[in-house]
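Student: starting from these lines, generate the structure:
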Amino acid sequence: MAGPFDEQQQAQFDAELLKILARYPDVHKAAAMLPALWLVQRLLGFIPVSALELVASRLGVPPGRAREVATFYVMYYTEPKGRHVLDVCTNISCSLCGAENALAYLEAKLGIKAGQTTTDKKIHLREAECLASCGTGPMLQVDGGEYVENLTPKKLDELVARLRRD
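Tutor: I've put the predicted structure just below:
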């Protein structure tokens, strides 16, 4: 099976993984799983099976262990996603403030359902459990970091326009 990286990405992965592993004693290098997976995702945008196998090999664990970790945490993508990932919180506080309406609005605007990616590969839409912004719901998270709170159709329109330009 071919490796997950092109030549430049492989060199970058090797160099950065060495820096990560330097923070761990040799007998505990398996503990570097999370940052190693982040590194792969940063380089490729997701974590394919070949990358799981590479990370497992480098950390001295079975490939199944890397797969378990990558599929347990929602912030790791084992399949390609859009350029941007929108996580709409639909937990109780946001639901009471209209999260389902915001999600339905986005689904209609983007022409996709939660769990899908737009045809232009710009936006992937997901439902999320609590994102810890209960006082400002409904809300969503963009690309795992930016919060957009007190959602309205106008805010959603502006966000989608901005993300499509990016």
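
Student: against T152, how distant is L18?
Tutor: Separation of L18 from T152 (Cβ to Cβ, to the nearest Å): 47 Å. Quick note: C-beta positions are derived from backbone N, CA and C, even for glycine.

Student: what of P4?
Tutor: Counting by Cβ to Cβ - P4 and T152 are separated by 41 Å.

Student: give me the outermost residue of this protein relative to its centroid.
Tutor: Residue farthest from the centre of the chain, counting by Cα atoms, centre = their mean, is V27 at 29.4 Å.

Student: ok, now which ones touch that one?
Tutor: Contacts for V27 (Cβ atoms under 8 Å, 6 or more residues apart in numbering) come out as none.

Student: show me what contacts the spatially closest residue to P63 that is not a sequence neighbour?
Tutor: Using Cβ to Cβ, 6 or more residues apart in numbering and skipping residues adjacent in sequence, the residue nearest P63 is A56, 4.4 Å away. A56 sits next to P62, P63, G64, R65, A66 when contact means Cβ under 8 Å, 6+ apart.

Student: any chance you could map the strands in the protein?
Tutor: Using DSSP state E, the strands of the chain run over residues 84-89, 123-128, 140-142, 146-148.

Student: give me the local confidence score for the residue nearest to A31 when sequence neighbours are not counted.
Tutor: Counting by Cβ to Cβ, 6+ apart, Y24 is the residue found nearest to A31 once chain neighbours are left out, at 5.5 Å. With respect to pLDDT, Y24 has a value of 96.
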